[in-house]
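Asker: Sharing a model that was predicted from the sequence below.
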Amino acid sequence: MKKRYYLLIATILLFGCFAIYKYQNVNADSKDLSNHKTYTQSAYDIKEDGWIYYFKIYSTDYNETQYEFNGYNLKYSDMDGYVIEVKDSSTNEVIDTIKPGYVSLINSKEYKDDIKNISSYFNENGFKKEISLEDLNDLTLKKLDKEYIKELFNQAINKEKEEVDGKYAKAPVFGIKSKVSTDKNLEGTWQVAYLLDHGDIYKINIEFIDKKGNYVSDTKTNEDIINQINSEENNIINDQNIKLNNNINNDLKELLTELKNDLESYN
């Protein structure tokens, strides 16, 4: 009976991770706010190797505020130590793990407790202005630095509130998907990841990973591919629209078309 119970729980979680979307994604706005205006104040820290850390303050027109610190990796869809834990509901014992298909600090074995503690602490205290290090005396962190969290929060709280009303306001805030290359002279996989801020595209990252698992962004071995990637990334950010260029690789064009259709399907 217990084995069946565990299998049922694992199946439900697995379905929840993969069935909502055709590709992996995350939506930070889990509450139904369809009848209310939502605003964000965001501070981002772009780090190395595809990482972006952020502090977001969500507020609504009915005076509810939520605080969120997290980080996403726009380069890797899988990394060691990033899993969703399946727990026994009666003992809270971890009985299995599931690969989530995207890399986020909240799914990190090392960082998840810090992420949860930060969210709980800030939502309990409801800070409305800049804070000092002393304001975080009772915050428990194992990996992250309190000074860093303070600085990122202060950057966010000093930003103007922006309404979540961009072109992709109803879409998940993060997503990553891939397509195997059909070009025999270019064996590997195309990948695209994006991060939204108040419904606009804040960051998009396109990668080509060769058959040996090397990232062209690291090896710099194919100038034509690098130029195509840089051009498409810049155009998407500048135009806030995924416009398809006929001069780019056909597989990349198909991947971007799928992303465009998926994002627009939420409108």
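Answerer: Structure received. Residues are numbered from 1 along each chain as shown.

Asker: I'd like to know how many residues surround Ile226.
Answerer: Burial measure for Ile226: 15 neighbouring residues, criterion other CB atoms under 10 Å. For every residue, glycine as well, the C-beta is placed using N, CA and C.

Asker: Next secondary structure element downstream of the one helix or strand it maps to?
Answerer: Using DSSP states H and E, Ile226 sits within helix 223-239. Heading C-terminal from helix 223-239, the first helix or strand you meet, by DSSP H and E, is helix 250-264.

Asker: which other residues reach that next one?
Answerer: 21-23, 168, 171, 175, 177-183, 190-192, 194, 206, 208, 228, 232, 242, 244-246 (CB atoms under 8 Å, 6 or more residues apart in numbering).

Asker: from the middle of its chain, how far away would it be?
Answerer: Averaging C-alpha positions (CA atoms, centre = their mean, to the nearest Å) puts helix 250-264 18 Å from its chain's average.

Asker: How about it, which residues are buried there?
Answerer: The neighbour-count check on helix 250-264 (16 or more other CB atoms under 10 Å) flags Asp251, Leu252, Lys253, Leu255, Leu256, Leu259, Asp262, Leu263 as buried.

Asker: Among the contacts of helix 250-264, name the ones in strands.
Answerer: Gly175, Lys177, Ser178, Lys179, Val180, Trp190, Gln191, Val192, Tyr194, Ile206, Phe208 (DSSP state E).

Asker: Apart from its chain neighbours, what residue comes closest to the fifth one?
Answerer: In this structure, Val180 finds its nearest non-sequential neighbour in Thr189, 5.4 Å apart by CB to CB, 6 or more residues apart in numbering.

Asker: quick one, domains of the chain?
Answerer: Following automatic domain parsing, one gets these domains for the chain: 32-163, 174-264.

Asker: Could you export those to JSON lines, including columns for mean pLDDT?
Answerer: Shown next, in JSON lines, are the domains of the chain (pLDDT from 0 to 100):
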{"stretch": "domain 32-163", "mean pLDDT": "93"}
{"stretch": "domain 174-264", "mean pLDDT": "94"}
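
Asker: which of the ones in strands among the contacts of helix 250-264 are buried?
Answerer: Using 16+ other CB under 10 Å, the buried ones in the ones in strands among the contacts of helix 250-264 are Gly175, Lys177, Trp190, Gln191, Val192, Tyr194, Ile206, Phe208.

Asker: who's in contact with the fourth one?
Answerer: It stands for Gln191. Gln191 touches Ser77, Ile176, Lys177, Ser178, Lys179, Ile206, Glu207, Phe208, Ile209, Leu255, counting by CB under 8 Å, 6+ apart.
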